[in-house]
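Asker: here is a sequence together with a model predicted from it:
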Amino acid sequence: MIGATMGNGGVKVILVRHGEATSTMDNAERPLTVVGRRHAEEAAERLARCGYEIEEIRHSGKLRARQTAKVIGGRLGVPANRMRKVRGLQPLDDPSNMAVEVEAENRSLMLVGHLPFLSRFASALLTGDPDRLSFRFADAGVVVLGRSRGRWQVESVAGHDTP
């Protein structure tokens, strides 16, 4: 359950898996389903209640990730010019390049993407090895990682089926 707030210091990276999307048989672009949009709205509400402030949202550019980013960013008051598509967040991308980028950050941000990338990215930040840990993300699931004194740790985990 999400419980930490931005006020407890350090840089945060909030990892969000896109909401439930339609099948490729229904729509090759795979937009969010009605349920997927609702789960993204619920994730946004939880993040807002906990006081998270995000300076930038980066997403993969895939429609379902872009829509999830827009729902959450809108609720958290992130301006549209601070939500952007970036390379390196595709499902099978190597997480090492994004890990280097995030390590250089001095501000909190959100990455909206896909599995298995998000799980491998979290493992890379936490252990240096993208394959050491495995994280399960529900649709529109959230994992908050915090960096304090140069070390990353899991601060909270939430999904639509988390109380």
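Answerer: Received it, and whenever you're ready, just let me know what you need. Computed from a predicted model, the values in this text were never measured in an experiment. Numbers count the residues shown, from 1 in each chain.

Asker: can you mark which positions in stretch 39-47 are buried?
Answerer: Buried residues in stretch 39-47, counted by 16 or more other CB atoms under 10 Å: 39-44, 46-47. Using the backbone N, CA and C atoms, a C-beta is placed for each residue, glycine as well.

Asker: helix/strand/coil for residue 37?
Answerer: Secondary structure, DSSP: H, G, I helix; E, B strand; the rest coil: residue 37 is helix.

Asker: residue 75: which of the buried residues of stretch 39-47 is nearest?
Answerer: Closest approach between those and residue 75, by CB to CB: residue 44, at 3.6 Å.

Asker: which residues in the protein form helices?
Answerer: Here the chain has its helices, by DSSP state H, at 34-49, 63-76, 96-103, 117-127.

Asker: returning to what we had before: and of the buried residues of stretch 39-47, the nearest to residue 81?
Answerer: Taking CB to CB as the measure, residue 44 is the one of these closest to residue 81, at 18.7 Å.

Asker: check what pLDDT the closest one gets.
Answerer: Residue 44 carries a pLDDT value of 96.

Asker: how about residue 26?
Answerer: So residue 26 comes in at 84 (pLDDT).

Asker: do residue 159 as well
Answerer: 81.

Asker: just residue 149 next, same as before
Answerer: In this model, residue 149 carries a pLDDT of 87.

Asker: burial measure for it, as a count.
Answerer: 6 (other CB atoms under 10 Å).

Asker: what's the answer for residue 100, then?
Answerer: Other residues within reach of residue 100, judged by other CB under 10 Å, total 11.

Asker: for residue 112, same thing?
Answerer: Residue 112 - counted by other CB under 10 Å - has 30 other residues nearby.

Asker: and the residue of the chain most remote from its centre, how far from residue 76?
Answerer: The outermost residue of the chain relative to its centre, with distances by CA atoms, centre = their mean, is residue 25 at 26.1 Å. Distance of residue 25 to residue 76, computed by CB to CB, to the nearest Å: 33 Å.

Asker: low pLDDT regions in this protein?
Answerer: 1-9, 160-163 (pLDDT under 70).

Asker: if we go to 80?
Answerer: 1-10, 160-163 (pLDDT under 80).

Asker: pretty sure residue 57 is touching residue 78, no?
Answerer: Yes: the criterion here is CB atoms under 8 Å, and residue 57 meets it with residue 78 at 5.5 Å.

Asker: intersection of neighbour lists for those two?
Answerer: residue 72 (CB atoms under 8 Å, 6 or more residues apart in numbering).

Asker: lovely, talk soon.
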